[in-house]
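Q: Return a 3D structure for these sequence lines:
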Amino acid sequence: MFTVIKTGLETSVQDYPGRLGFRNQGFPPSGPMDSWSFRLANRLVGNEVGTAALECQYIGPTLAFEQDAVIAITGADMTPKIDGEAVPMWTSIHIKAGQELALAFAKKGVRAYIAIAGGIDSEPWLGSQSTFHKAGVGGIEGHALQKGQQINWRAVDVNDTLVNRKVKSEALPDINSNNAVSINVVYGPNVGWLNEAGKTKFLSEPWKLSGKSDRTGFRLEGPKLSFTDKAHNKPPEHGNEPSNIIDQGYPVGGINLAGETPIILVNDGPSMGGFINPFTVPGCEFWKLAQAKPGTQLYFTEITVQQAQLLSKEQSDACADDKITK
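A: The predicted structure follows:
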């Protein structure tokens, strides 16, 4: 087991692809925001890519290990140290019983991942160990790690074959500190509610990521959009605002127009509601959102569903076992 000395900011247990098949009951998939970095962390320590691991946001935790383990840290650069000595990221490391792993504030990116050979041992809920904070389910007692908690992992033989494994350079996500990020989108279920000027403006103007963003939704600040006639002339059950619509299901990644505020519905987002979703961010682009800090300028580019599927396959290929070397 390890003991939580410092919690970090909402450090939580997640697995991939998360809690699938329960959106009709109001439960989102949850799971890691940056599944690319998450999957590679598991590959480094010899786990299956979906094995439960830790997601750290902005500020990482300090963990005291009671037994020897093999770990890997990926994603945002939180300057990881073991007993005060810097250790490399994107590499499997042998941490010994009695040592402390400490992650600090993210210098580059936002979310880091800590995988342990064998995987975090927690009780699945609806088929997943992923933490869904707002409902208090999954993970460790349904919430982020708490100071003093002792967390178990599934024991495996700690040996040299698992240590000093690295990710090939061509398989690494490009996590940088740029103030502008390009995000691919596909048409959403309600794209016909924006007129051509509204669609053009959304895809050509910069949008600033708001600090009022979390694992439920990423709020965007930017220009005012324009709508088609049917958004203004509609039956009363659709609501008064142009972006109102009779309650419908929301896609994961839907860019939800809540009044004049676009909100990207991410891992813990709602499954339905009464606002339109003219565009959708495909899952293969979530890692970019996960690593974007508030204030980042986001630019959206329209692609086809087929192109999004190809990008998803390329990302999965980058997380294959043959992308790990010694």
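
Q: Just the strands from the stretch 201-326 of the chain, written as ranges.
A: Counting by DSSP state E, counting those that start in this stretch, one finds strands in the stretch 201-326 of the chain at the ranges 207-209, 217-221, 244-249, 254-258, 261-265, 272-275, 279-280, 297-302, 324-325.

Q: With distance to residue 126 and mean neighbour count added, can I get these in CSV?
A: Placement of C-beta: from N, CA and C, glycine included. What follows is the strands of the stretch 201-326 of the chain, written out as CSV (distance: least, C-beta to C-beta, whole Å; neighbours: other C-beta atoms under 10 Å):
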stretch, distance to residue 126, mean neighbour count
strand 207-209, 30, 19
strand 217-221, 22, 20
strand 244-249, 19, 15
strand 254-258, 22, 24
strand 261-265, 19, 23
strand 272-275, 18, 17
strand 279-280, 24, 25
strand 297-302, 32, 16
strand 324-325, 31, 16
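
Q: got a markdown table for these, with distance to residue 46 too?
A: Output for the strands of the stretch 201-326 of the chain, formatted as a markdown table (distance: least, C-beta to C-beta, whole Å):
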| stretch | distance to residue 46 |
| --- | --- |
| strand 207-209 | 35 |
| strand 217-221 | 33 |
| strand 244-249 | 38 |
| strand 254-258 | 36 |
| strand 261-265 | 34 |
| strand 272-275 | 40 |
| strand 279-280 | 35 |
| strand 297-302 | 36 |
| strand 324-325 | 9 |
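
Q: and these as JSON lines, adding mean pLDDT?
A: Conversion of the strands of the stretch 201-326 of the chain to JSON lines gives the following (pLDDT from 0 to 100):
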{"stretch": "strand 207-209", "mean pLDDT": "97"}
{"stretch": "strand 217-221", "mean pLDDT": "97"}
{"stretch": "strand 244-249", "mean pLDDT": "95"}
{"stretch": "strand 254-258", "mean pLDDT": "96"}
{"stretch": "strand 261-265", "mean pLDDT": "97"}
{"stretch": "strand 272-275", "mean pLDDT": "95"}
{"stretch": "strand 279-280", "mean pLDDT": "98"}
{"stretch": "strand 297-302", "mean pLDDT": "97"}
{"stretch": "strand 324-325", "mean pLDDT": "96"}
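
Q: and of those, who's closest to residue 91?
A: strand 324-325 (10.2 Å; C-beta to C-beta).

Q: returning to what we had before: among the strands of the stretch 201-326 of the chain, which is nearest residue 291?
A: Using C-beta to C-beta, the nearest of those to residue 291 is strand 207-209, at 11.1 Å.

Q: Identify each buried residue in stretch 5-17, please.
A: 7-8, 10-17 (16 or more other C-beta atoms under 10 Å).
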